[in-house]
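Q: No sequence on hand, only this structure:
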DNA sequence: TAAATAAATATTTAACAAAATATTTATTAT
DNA sequence: ATAATAAATATTTTGTTAAATATTTATTTA
């Protein structure tokens, strides 16, 4: 008999958990299918019942990681305790904190990032689109409340996103100290917020 | 007799010219000292009279490239036809144009960037410091003319620089189209300018 | 004697076989 | 019939040596 949908999903999730752990610790290249399988108490061959190949496991990890990031942002965006200004501030600083955490623990994670940037850019692209969409929710709220003066919400969301790329994208996480990034993220988002008013 | 200082400098410059050409076309790794030497009509060994080793030639190329970028910015900063707002706009858009040009022609240049990022980060750091310093000149001018309200010029320069990193740093030059980057650079700098007033 | 070359040496890369790993297929278990 | 494993095969990585290249040293040139 066929496994229940949820069971299949649970197994996929377990595979991604274990794989991500290893990718982060030892790197994408050094991690073997046999190791992932062992962590999941199954045979290497059986992994292929859940993922097409190793790269798809890598892509799955990346997607899930980005999904978590989106959920973190969603929480901020949907909060009804925070005003738009505070939401933007949290967006910049909390996501930075989350990213830096991830990369300072999992020191080999950048290898997965490089693989995704090189071979699966469409995943990044799709993530960015959703992030922009969430950003635009904050902007719209600010327009409705009369705080922000914005001609084109979607375009402006792009600009805000671009201005924060250093703190939200993985690229520079290990090139600057968290303290430095925190200070800069705070400064940039304050400038941007001022720019959205007026 | 010893070569005149200017002659030595001219030869060094010629070496960097030829090396940069090859690094950009064929990559840092694939370019040989013998090839660079031949381009300069000299023997491979003689290159070592001018540079300690191949990596120093790579570093020299990077430094010179960054120096050119700084001079481009300097020209904008020191212009007496442009107001601070226009200077910031030109800074964002002209530098983007310059960088994208460089990277669309010299398709293997990213390899040199990776080498510098990995092994000679202090060069990047020093460049960024000087760039910030130039940025702060614009901000100071804006303060003097009463256009900008800024508490700490140097800190604010850092923030403006951070917000423009996508358009000024090499990293994303080949990940997005020039048109897209142009539009975003324009949007970001306009938001920032508005933020500097108020 | 400075500047350059050519020859010598050290280091790195490339080619190729062996080993490891990814993926597919045949077989077993539920 | 589905899920899983184990065995078989395809692909990739690794280790090794030869070749290429970087760097240093000895000689030559101006």
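A: Perfect, thanks for sending it. Given the structure is predicted, the values throughout are model-derived calculations rather than measurements.
Q: Contacts only, for the most centrally placed residue in chain A.
A: In chain A, the C-alpha nearest the mean C-alpha coordinate belongs to residue A:66, at 3.1 Å (C-alpha atoms, centre = their mean). Residue A:66 makes contact with A:123-124, A:127 under the criterion C-beta atoms under 8 Å, 6 or more residues apart in numbering or on different chains. (Each C-beta comes from the backbone N, C-alpha and C, glycine too.)
Q: Could you point out which of those residues is nearest to residue B:113?
A: Residue B:113 has its nearest neighbour among the contacts of residue A:66 in residue A:124, at 19.1 Å by C-beta to C-beta.
Q: That closest one touches residue A:115, doesn't it?
A: No - with contact defined as C-beta atoms under 8 Å, residue A:124 does not count as touching residue A:115 (11.4 Å).
Q: Please report how far residue A:54 lies from DNA strand C.
A: 4 Å (C-beta to the nearest atom of the strand, to the nearest Å).
Q: er, residue A:142 actually
A: 47 Å.
Q: Please list all residues in contact with that residue.
A: A:84-85, A:148, A:150, A:196.
Q: if you set the cut-off to 6 Å instead, what comes out?
A: Contact analysis of residue A:142 by C-beta atoms under 6 Å, 6 or more residues apart in numbering or on different chains lists A:84, A:148.
Q: What helix or strand is it located in?
A: Residue A:142 is part of helix A:121-144 when elements are defined by DSSP states H and E.
Q: residues in contact with the one helix or strand residue A:94 maps to?
A: Secondary structure from DSSP H and E places residue A:94 in helix A:84-105. With contacts defined as C-beta under 6 Å, 6+ apart, helix A:84-105 is touched by A:72, A:76, A:109, A:138, A:141-142, A:147, A:164, A:167-168, A:173-174, A:178, A:181, A:185, A:189, A:193.
Q: please redo it, this time with the cut-off set to 8 Å
A: Residues from elsewhere that reach helix A:84-105 (C-beta under 8 Å, 6+ apart): A:24, A:65, A:69, A:72-73, A:76-77, A:79, A:82, A:109-110, A:135, A:138-139, A:141-142, A:145, A:147-148, A:160, A:164, A:167-170, A:173-174, A:178, A:181-182, A:185-186, A:188-190, A:192-193.
Q: tell me the pLDDT at residue A:54?
A: On pLDDT, residue A:54 comes in at 97.
Q: and what of residue A:1?
A: We have a pLDDT of 60 for residue A:1.
Q: can you check residue A:28 too?
A: The model's pLDDT for residue A:28 equals 96.
Q: Could you check how far it is from chain B?
A: Distance, residue A:28 to chain B, by C-beta to the nearest C-beta, to the nearest Å: 17 Å.
Q: just checking, that residue touches residue A:112?
A: Yes - here residue A:28 reaches residue A:112: they are 4.9 Å apart, a contact under C-beta under 8 Å.
Q: where do the contact lists of those two overlap?
A: residue A:58.
Q: ok, the residue nearest to residue A:12 when sequence neighbours are not counted - how many residues close by?
A: Spatial nearest neighbour of residue A:12, chain neighbours left out: residue A:50 (5.1 Å); criterion: C-beta to C-beta, 6 or more residues apart in numbering or on different chains. The tally of other residues near residue A:50 (other C-beta atoms under 10 Å in any protein chain shown) stands at 19.
Q: three-state assignment of residue A:50?
A: The three-state label given to residue A:50 by DSSP: H, G, I helix; E, B strand; the rest coil is coil.
Q: isn't it right up against residue A:14?
A: No - here residue A:50 does not reach residue A:14: they are 9.3 Å apart, not a contact under C-beta under 8 Å.
Q: DNA strand D contacts on chain A?
A: Proximity of chain A to DNA strand D, by C-beta under 7 Å from any atom of the strand, involves residues A:1-3, A:8, A:11, A:29-30, A:41-46, A:49.
Q: which sections of chain A are below the confidence cut-off?
A: In the predicted model, chain A carries pLDDT under 70 at residues A:1.
Q: got the residues of it near DNA strand C?
A: Looking at DNA strand C, the residues of chain A close enough under C-beta under 7 Å from any atom of the strand are A:31-34, A:44-45, A:48, A:52-55.
Q: Who wins on neighbours among those residues?
A: Going by other C-beta under 10 Å, residue A:31 tops these with 25 neighbours.
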